[in-house]
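**Student:** only geometry, no sequence info:
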């Protein structure tokens, strides 16, 4: 069961995301044509640590196992969804090193996420061009672009 609570007007969710950087490019994903890119990841399950969750989610979405992971940020993100609902999201961001070689070209997959089929469009973005992409949360752009992997706790809202 995912760590999330939802009412008619508000929702809380606990997530993880993995930063995969190869040849100064960042692996990003657009989920179900939502109009922006983010890092691959997903919900933490009840009873699961963020470290365990990022390994599971990267395996499910990207298809690789993780050799090393370093927590670089916890971002408490407050935003309003397209549906008008207010969201409070806590996301743990890890820089990860995959054990296997990865595709270096853009690609798409369909993920079966607990019975819901989701189109995932993966795109490698040059770090020095991340400002040209609608990437969210945007507050993470500078940290990634500068490869500033010193841990940060950020509270952010739109």
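**Tutor:** Received, thanks. Just so it is clear, the structure is predicted and the values come from calculations on it, not from any experiment. Residues are numbered from 1 along each chain as shown.
**Student:** any idea which helix is longest in the chain?
**Tutor:** Longest helix in the chain by number of residues (criterion: DSSP state H): helix 50-62.
**Student:** what are the buried residues along that helix?
**Tutor:** 50, 53-58, 61-62 (16 or more other C-beta atoms under 10 Å). For every residue, glycine as well, the C-beta is placed using N, CA and C.
**Student:** partner strands of the lowest-mean-pLDDT helix or strand in the chain, parallel or antiparallel?
**Tutor:** Every helix and strand in the chain was compared by mean pLDDT, DSSP states H and E; the lowest is strand 107-113, with a mean of 86. Strand 107-113 has the following sheet partners, assigned by DSSP bridges: strand 116-126 (antiparallel).
**Student:** mind listing what's buried along the longest strand seen in the chain?
**Tutor:** Criterion DSSP state E: the longest strand present in the chain is strand 66-80. Within strand 66-80, the residues scored as buried using 16+ other C-beta under 10 Å are 66, 69, 71-73, 75, 77.
**Student:** how about stretch 78-92?
**Tutor:** The neighbour-count criterion (16+ other C-beta under 10 Å) identifies 87, 89-92 as the buried residues of stretch 78-92.
**Student:** residue 111: which of those residues is nearest?
**Tutor:** residue 91 (18.3 Å; C-beta to C-beta).
**Student:** report the separation between the closest one and residue 24.
**Tutor:** 23 Å (C-beta to C-beta, to the nearest Å).
**Student:** what of residue 40?
**Tutor:** Distance from residue 40 to residue 24, by C-beta to C-beta: 18 Å.
**Student:** ditto for residue 87
**Tutor:** 32 Å.
**Student:** how about residue 149?
**Tutor:** 14 Å.
**Student:** who has more neighbours, those two?
**Tutor:** residue 149 (17 against 12; other C-beta atoms under 10 Å).
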